[in-house]
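# My questions concern the predicted model and sequence given below.
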Amino acid sequence: MGRTVLICDDAIFMRTMLKDILKQSGFEVVGEAQTGKEAVQLYAQLKPDLVTMDIVMPDMGGIDAVRAIIKEDANAKILMCSAMGQQALVIEAIQAGARDFVVKPFQPSRVLEAVQRVLG
Amino acid sequence: MELSRYLDLYLAESQEHLRELGRSLLELEAGAGAEAVSRAFRAAHTIKGMSATMGYRAVAELAHALEDRLAEIRDGKLACEASVIDQLLASADLLENALASVVVAEREKPEALPDAPPPEAPAELVPEPLQPLPKAQAAPIQPAAIPPDTALVVQVTVSAQSALPAARALIARRKIEDVATVLGADPETPDASFRGERRLYLAVGADVAAVEAAARSAGEIENVVVAAPRVEGGTFTLPTPAAGRTPGVHAEAPRSRHVRVDLRRLDDLADGIGEMAVVGMRMDELAAAGNLEALKEHLGRASKLIESMRETALAMRMVPVGDVFDRFPRLVRDAARALGKQVDFRVEGRDIQVDRTVIDAMADPLVHLLRNAVDHGIEDPEARVVAGKPPRGRIVLRAFRERASVRILVEDDGGGIDASRVAAKARKLGLLGEDDLAPTSGDALLKLLTRPGFSTASVVTEVSGRGVGLDVVAAGVRALGGAFELKTERGKGSTFSLRLPISLAVAAVLRVEVGGEHYAVPMTHVREAVELQDLPRAQVRGQEVIRLRGEAIPLLRLSEVFQLPGPRRQETAAVIAEIGERRAALAVDHLVAREQIVVKSFDAAAGMLPFFSGVMLLADGRPALVLDPMTVF
């Protein structure tokens, strides 16, 4: 069985794209969160191998969600999904415990490279 | 994601923004204020957005870096000094090159299969260099900056293709922290100004190979150097990382096949086609009813409609010359700087409309002329002062309409062309007899200067006049059916003039008959047409001339020029052709008509006389050759 992923993004378009990219490489998408709060809840519930985390989401942003998840599980493997120009926020997320980041617009190979780095 | 179909649009629009960027940066240099900054900013921002959407990440990054820099200027964090403008212009060049390369690579790519993955290539396709901005000179590390007990220094270079280099550098540090003790870093906290290089200071006990592997595992790492710091003359040095990449040459800007069309023109065209359909149906009915009178009347309407639709269609091909001129201020500025000249450059008439093909074909010739004007026209500031001129030279690029043509002038107030030196060179090359006088008129000079073989590199050093590429310019102008002229005065300056057709697709011509065949003479060269029988003739130095309003004009019989066989015929008329200050009366059997024709360019057959620039189709479908008067006299 493939490794499990939780995708957190408020845009269906982005979630669909990420899901396609990850599924094609044998990942199992076990959950999708549309808000930071949902992300935290679903992480606790699903314990996925990997989390992709959008930064700007309603109802608790991605960075706060990272803090909340890392607080419960220091080994959580979180990949930030950022737009260009959000460097300061990405740095904050990494300091909060995120492992790596990808920048939109996504190129499948770059997403997968980052995922490989996160999962080591 | 099928993005390739947006490529042309992307190209056209991003080039518009590049021009805007270049223009506003130069305005900024000339002292323009906040408004120019925000225009430059918007241009960079738009290019960034479009490039990111197309997947051209590297291009987007360059635009992004520029945008950052411009934001600093806008917010007053960065003074708008000459060196900063230089950097910005250099970045704009990088951006233009990157964009050009991406597009070229994209065009050369085989058609993507329907199920092929989205284009991955762009980021990798952009050739070196990719540094977003020229890096500030890396200051030598002062010993004080290095924590005591430092045993190893790691220099990590984040790939210039990384979208967020500071975040990447942070990840690299965390990876290194897994295998070594990090005592400090420089810069300590990479932020938005971070340009890719960071040094980390490690405590004793770190394994070099493990550190290097850890750093590289962060991803997007271009280079890792691990070394023991050495003290040399009070400063620490590090092994030099990969040598700095040199800026690429100006890539040939890919030309857009797009023009912007006013919606009203499209509406006009659609209306015309609709009306044409109605007229066509009516004509069917009238033909069936055998009503010839009414049919004729409708035929007349149809012709008018077609004519007006053709005009509309041709108007759509028109673009302002500014589309091409806008890149020249930069070119002149750079040339002047490189040569130590001081030049004020002005562009006039940038809104003049010409056919896209014409102005595209003139871009390179104009580059030649402008470079020549800076290099050979404008004198050094000292020489100008000695000559009683202001130290700053003046070059004006001017476009204006003149009858059925557009004229483009390149004027300089430099030293003018030394006719005696040109003559000396021409004699040496055998282009001028030993006893021939030095040419006195600009056009006679130009005739020599544009002779292939005259404009060689050695001439440039020997003749303080012009020469470089003038034959190329002349050939380019000729290919368009235009005229190339020169006025020059010693000590005062030179003016090169291009007279070009406004549109290539149709040309106004005078149709003439010679030896039973029809030929077309482009109206750009025709001053007037005259009946020969009323005009007095004379012989001047063995040359037959006609006298027209007191002026003696050499008579050339086209039948002789074309070497037509048969007895000498009685020409009835002549076309007075004018090229600069030269004129000739081209004698023809008959004048036929003045008309608008569609010129097709053609490849001349081997052995054909070199007097023709194209071919037109007559109403009965027969071809007629289009004469190029510049080749005749």
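Yep, it's here. Numbers count the residues shown, from 1 in each chain, chains lettered A, B, ... in the order given.
# so what does the lowest-mean-pLDDT helix or strand in chain A touch, helix or strand wise?
Least confident helix or strand, chain A: helix A:12-24 with a mean of 84, by mean pLDDT, DSSP states H and E. For helix A:12-24, the packing partners by 3 or more CB pairs under 8 Å, 6 or more residues apart in numbering or on different chains; DSSP states H and E come out as strand A:4-8, strand A:28-33, strand A:50-54, helix A:108-119. For every residue, glycine as well, the C-beta is placed using N, CA and C.
# just these: most buried one?
Most buried of the helices and strands packed on helix A:12-24 by mean neighbour count (mean count of other CB atoms under 10 Å in any protein chain shown) is strand A:50-54; its value is a mean of 26.
# Now the element after it, going C-ward?
Counting by DSSP states H and E, the element after strand A:50-54 in chain order, helix or strand, is helix A:62-72.
# who touches that next one?
Contacts to helix A:62-72, defined as CB atoms under 8 Å, 6 or more residues apart in numbering or on different chains, come from residues A:8, A:36-37, A:39-40, A:43-44, A:51, A:53-57, A:60, A:76, A:78, A:80-81, A:89, A:92-93, A:96-98.
# And for B:Ala270, the neighbour number?
B:Ala270 has 12 neighbours, counted by other CB atoms under 10 Å in any protein chain shown.
# Next: the one 10 residues further on.
Per other CB under 10 Å, the neighbour tally for B:Gly280 reads 12.
# Buried ones in stretch B:298-307, by neighbour count?
B:His298, B:Ala302, B:Leu305 (16 or more other CB atoms under 10 Å in any protein chain shown).
# pLDDT weak spots in the stretch 401-550 of chain B?
Within the stretch 401-550 of chain B, the segments meeting pLDDT under 70 span B:452-469, B:504-506.
# Repeat that for chain B.
Residues of chain B that meet the cut-off, pLDDT under 70, sit at B:1-6, B:9, B:53, B:106-145, B:229-258, B:452-469, B:504-506, B:598-608, B:619-620.
# Centre-most residue in it?
B:Ala363 (3.8 Å; CA atoms, centre = their mean).
# In terms of helices and strands, where is that residue?
With DSSP H and E as the test, B:Ala363 turns up in helix B:356-372.
# quick revisit: of all the helices and strands packed on helix A:12-24, which one is nearest chain B?
Closest to chain B of those, according to CB to the nearest CB: helix A:108-119, at 5.1 Å.
# which helices and strands sit right next to the closest one?
Helices and strands touching helix A:108-119, by 3+ CB pairs under 8 Å, 6+ apart, are helix A:12-24, strand A:50-54, strand A:78-82, strand A:100-103.
# ok, and the closest non-adjacent residue to A:Glu32?
Using CB to CB, 6 or more residues apart in numbering or on different chains and skipping the chain neighbours, the partner closest in space to A:Glu32 is A:Ile7 (5.0 Å).
# what's across from that neighbour in the sheet?
A:Glu32, A:Thr52 (DSSP bridges).
# pLDDT score for the nearest residue to A:Gly36 once chain neighbours are set aside?
Once flanking residues are discounted, A:Gly36 sits nearest to A:Met60: 2.8 Å by CB to CB, 6+ apart. Looking at A:Met60, its pLDDT stands at 87.
# Compute the number of surrounding residues for A:Met60.
Neighbours of A:Met60 (other CB under 10 Å): 16.
# try B:Thr488
The number of residues packed near B:Thr488 is 24, by other CB under 10 Å.
# Check which residues of the helix or strand hosting it are buried.
Using DSSP H and E, B:Thr488 sits within strand B:483-489. By 16+ other CB under 10 Å, the buried positions in strand B:483-489 come out as B:Ala483, B:Phe484, B:Glu485, B:Leu486, B:Lys487, B:Thr488.
# ok, those vs chain A, which is closest?
For the buried residues of strand B:483-489, the minimum distance to chain A (CB to the nearest CB) is 48.5 Å, reached by B:Phe484.
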